[in-house]
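**Q** Compute the structure for the input listed below.
(one chain, ligands or ions: 1)
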Amino acid sequence: MAQYTRVSGFVGLITLQNPPVNALSAPVRQGIVDTVQRALSDPEVKSVVICGQNGIFCGGADIKEFGTDMFGPPLIPMIHAIEAANKPVVAAIEGIALGGGLELALGCHYRIAHSKARLGLPEVTLGLLPAAGGSQRLPRLIGVPAALNLITTGRHVTAAEALQLGIVDQVTDHNTVDAAVKFALRVGGQSLDARRISTYPCPQQPDLDALFEDVMQKVRQSARGAIAPVACVQAVRAAATLPYTQGMEREKELMATLFTSGQARALQYCFFAQRAVGRWKMPNGARWDTSKPRPVHKAAVIGLGTMGRGITVALAQTGLSVIAVESQEKQLMEAKQAVSGMLERGAKRRGVAPVLDRISYSQDIQAVADVDLVIEAVFEDMALKTKVFRQLSAVCKPGTLLCTNTSALDVDQLASETPNPELVVGMHFFAPAHVMKLLEVVYGSRSSPEAVATAMQLGKKMGKASVAVGNCRGFVGNRMLKLYLEQASFLLEEGATPELVDGALEEFGFPMGVFRMSDLSGLDVGWRIRKGEGLVEPGMASGQSARIRQGRRYSPLGDLLYEQGRFGLKTSRGWYQYDKPGSRVARSDPWVHSFLEEYRARHGLVARNIDHQEVLERCLYAMINEGFHILEDGIAAGPEDIDVIYVFGFGWPRHRGGPMFYADMVGLAKVMEKLEHYHQAHPDVPYLQPSNLLRKLVASGSPPIHTWGEVIKKLHSQL
Ligand SMILES: CCCCCCC[C@H](O)CC(=O)SCCNC(=O)CCNC(=O)[C@H](O)C(C)(C)COP(=O)([O-])OP(=O)([O-])OC[C@H]1O[C@@H](n2cnc3c(N)ncnc32)[C@H](O)[C@@H]1OP(=O)([O-])[O-]
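**A** I've put the predicted structure just below:
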């Protein structure tokens, strides 16, 4: 809807009304068309101001409408009618002007923004381009390089930057609508000839071809297969080289391709999934809207290894006072230096002062007596963690939340070591903890809803996509990852090379294939985890039993490399070779190739041809199948939770939506059929057998992903 009032005698004020972000739904578009017509036909009205209710101008097209039968007046003619008006139209931008919201403002003759407003064309993040004239007007207004930057990244700019770029005409610290009305009164009756952006020539740019070639190359490299950024460059190129009307045609053509693409569907799914995980619920009925988080002002981190340091930085940057505890003096000193360095670099990047004084360091666990929440990040060893939890229970004030950063251990077991198990939750960060945007909040069987709500809120404050998950080995992310890693190793045994496997996964869109990732995180890390699981048996290099552990197929390849001291990047040798420790440039290593040949010969394995498709199917479908088990077990509340974890924590390409969305896109019947095929070929890999839930979904006609919840409920009620 849009409300119309006449203010100051001569100004028609149009207020967009569609909470929470005044998205341009069909009723809003109809409201704009009607109210603009009313203002233009009223002889008393000399000028028009468009604003949004509740201090928000407009969040763009209504994303919920995409994929439905869109009705109501289309955006483009509506914006053209505003631009063609013979009375000045002023956009009063408060809060946000994003996507179609900014395009609406660009159709106005003037733009006044509040100093706290943010503006941008983020369509690319939804797999689209600014297709209501934004790709054609913005380059005409601010020039090709700046428009390319905004449109291909989708980044939001502040009002100050918008003013500097020339997107807005004025910035105010006061009431924006009042300022816009005053402005509108002043410009009423003035010529609008020079105010219609569609009539501007695109500012001349030397060496246009070279510029576009360069940008296209960079975009293709960073897009990892995403098509929208490429289409955005093509649309801006049309603005720079074609008359406006033809540019608009090109914009429309490109949008038509994007609009119906699977990538746009995936990215829009991700947008809503990211928001849906905030509405968490637990199997016992506790939920986000009935659970009150506790205030957390002061937190402590126990153990200052890599994870503890990152967590300390993340907490301090969120504005909390932090007590960082490390019992070893040397380690404490090193950590202090490292944490200060990270804070200083982060502050420099963001142009703010580092918050070094928010952290105090101690060797004594007694220092945490008065904190509201503790995050334990000591070595991944149950006995050690148990000891720390017992100490914390004795030291902390009553009611302190005790969180563990374990990546796989049993949260319930730890909770049982404390007198108040309801205060214990997992807060599983991903390395580097101050950078990675994912947090798994792990609830145990006795965690209180209040404890979960507090951890979820803290995660959100730290800017993390926080996902509440149940307690099981590896939780969601690592439980699925284990099978992905295993399949990759099996493929090496069967004839693949690290380069082939990584090539397939990188072509799919992962920033890094599984072996490059393993070199980066360290082969010693994986070895230690497998050792903890009782899987590592040093010296078991040959014989049939070397490849069978705990009753099923096992690949000792990673262990053998570890035994050779090949830990990956840190030793400059792993699945690849590196020029020096820490260098990121992975080069093929002939040693690894002959090692694999010898290994196969020793075990009587005959190498066969493996193609990219098999790599993807084996690695991804195994992981997806485990995702279905996780849903069946109630460890994740819905497929969105798994997908958000994979997109934010494991580099799953966002334009492919996440593993469960990908399965839906591929077709559940196909995924099941392939799993059956691979299970038949590899009967010693039990997890390749399709899960019960996958079978049930296929038997129910493969319903769309947003309805899987009903099948899961039915399955649970039958148990
Ligand atoms: C062929 C057809 C031609 C079409 C022409 C193309 C037109 C145009 O170029 C395309 C676009 O504009 S594309 C659009 C370009 N625009 C964008 O990409 C902006 C996307 N939005 C954002 O980036 C963030 O939501 C804001 C920064 C707006 C607010 O952040 P915050 O304060 O952290 O709050 P929050 O938690 O994030 O959201 C609160 C609630 O609002 C909901 N919602 C939000 N925007 C919505 C929308 N446009 N729609 C619907 N709903 C929208 C959101 O789901 C949530 O709902 P819930 O039920 O409570 O979960």
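
**Q** residue contacts, the residue in the stretch 601-719 of the chain that the ligand sits nearest to?
**A** Going by Cβ to the nearest ligand atom, the ligand is nearest to Glu640 of the stretch 601-719 of the chain, at 11.5 Å. From N, CA and C alone the C-beta is placed, and that goes for glycine too. For Glu640, the contact set (Cβ atoms under 8 Å, 6 or more residues apart in numbering) comprises 272-273, 276-277, 658, 660.

**Q** and if we set it to 6 Å?
**A** Neighbour list for Glu640: 273, 276-277 [criterion: Cβ atoms under 6 Å, 6 or more residues apart in numbering].

**Q** what about the one residue in the stretch 151-300 of the chain that gets nearest to the ligand, neighbour count?
**A** Among all residues of the stretch 151-300 of the chain, Arg275 sits closest to the ligand, at 3.8 Å; criterion: Cβ to the nearest ligand atom. By the criterion of other Cβ atoms under 10 Å, Arg275 has 12 neighbours.

**Q** Can I take it that the residue of the stretch 601-719 of the chain closest to the ligand is in a strand?
**A** No: if the criterion is DSSP: H, G, I helix; E, B strand; the rest coil, then Glu640 is helix and not within a strand.

**Q** Setting aside sequence neighbours, what's the nearest residue to it?
**A** Among residues not flanking Glu640 along the chain, Ala273 sits closest, at 3.7 Å (Cβ to Cβ, 6 or more residues apart in numbering).

**Q** helix or strand for the residue minimising distance to the centre of the chain, which one?
**A** Centroid-nearest residue in the chain, with Cα atoms, centre = their mean: Phe648, separated by 4.0 Å. In this assignment (DSSP states H and E), Phe648 forms part of helix 639-649.

**Q** Output that helix as PDB, restricted to C-alpha atoms.
**A** Extracted in PDB, the C-alpha atoms of helix 639-649 (Å, rounded to 0.1, in the frame of the first residue of the first chain):
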ATOM      1  CA  PRO A 639      17.000 -28.800   5.600                       C
ATOM      2  CA  GLU A 640      17.600 -25.000   5.800                       C
ATOM      3  CA  ASP A 641      19.700 -25.600   9.000                       C
ATOM      4  CA  ILE A 642      22.000 -28.000   7.200                       C
ATOM      5  CA  ASP A 643      22.300 -25.800   4.100                       C
ATOM      6  CA  VAL A 644      23.100 -22.600   6.100                       C
ATOM      7  CA  ILE A 645      25.800 -24.600   8.000                       C
ATOM      8  CA  TYR A 646      27.400 -25.800   4.700                       C
ATOM      9  CA  VAL A 647      27.200 -22.400   2.900                       C
ATOM     10  CA  PHE A 648      28.600 -20.400   5.800                       C
ATOM     11  CA  GLY A 649      31.000 -22.900   7.300                       C
END
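
**Q** Tell me the helix or strand right after that helix.
**A** As assigned by DSSP H and E, the chain's next helix or strand after helix 639-649 is helix 659-666.

**Q** Now do that next one and helix 639-649, the angle between them.
**A** Angle of helix 659-666 versus helix 639-649, following axes from the mean of the first three to the mean of the last three Cα atoms, to 10 degrees, is 110 degrees.

**Q** Which other helices and strands does helix 659-666 contact?
**A** For helix 659-666, the elements it packs on are helix 262-276, helix 622-632, helix 639-649, judged by 3 or more Cβ pairs under 6 Å, 6 or more residues apart in numbering; DSSP states H and E.

**Q** list the contacts for Arg473?
**A** Ala408.

**Q** ok, residues contacting the helix ranked longest in the chain?
**A** Determined from DSSP state H, the single longest helix within the chain is helix 329-350. The contact list for helix 329-350 (Cβ under 6 Å, 6+ apart) reads 304, 309, 312-313, 326, 354, 356, 361, 363.

**Q** What is the burial count for the closest residue to Gly509 other than its chain neighbours?
**A** Distance criterion Cβ to Cβ, 6+ apart; nearest residue to Gly509, sequence neighbours excluded, is Pro653 at 2.8 Å. By other Cβ under 10 Å, the residues close to Pro653 number 22.

**Q** My read is that Pro653 contacts Met512, right?
**A** No: using Cβ atoms under 6 Å, Pro653 is not in contact with Met512, being 11.6 Å away.

**Q** State the pLDDT value of the residue nearest to the centre of the chain.
**A** Confidence at Phe648, expressed as pLDDT, is 97.
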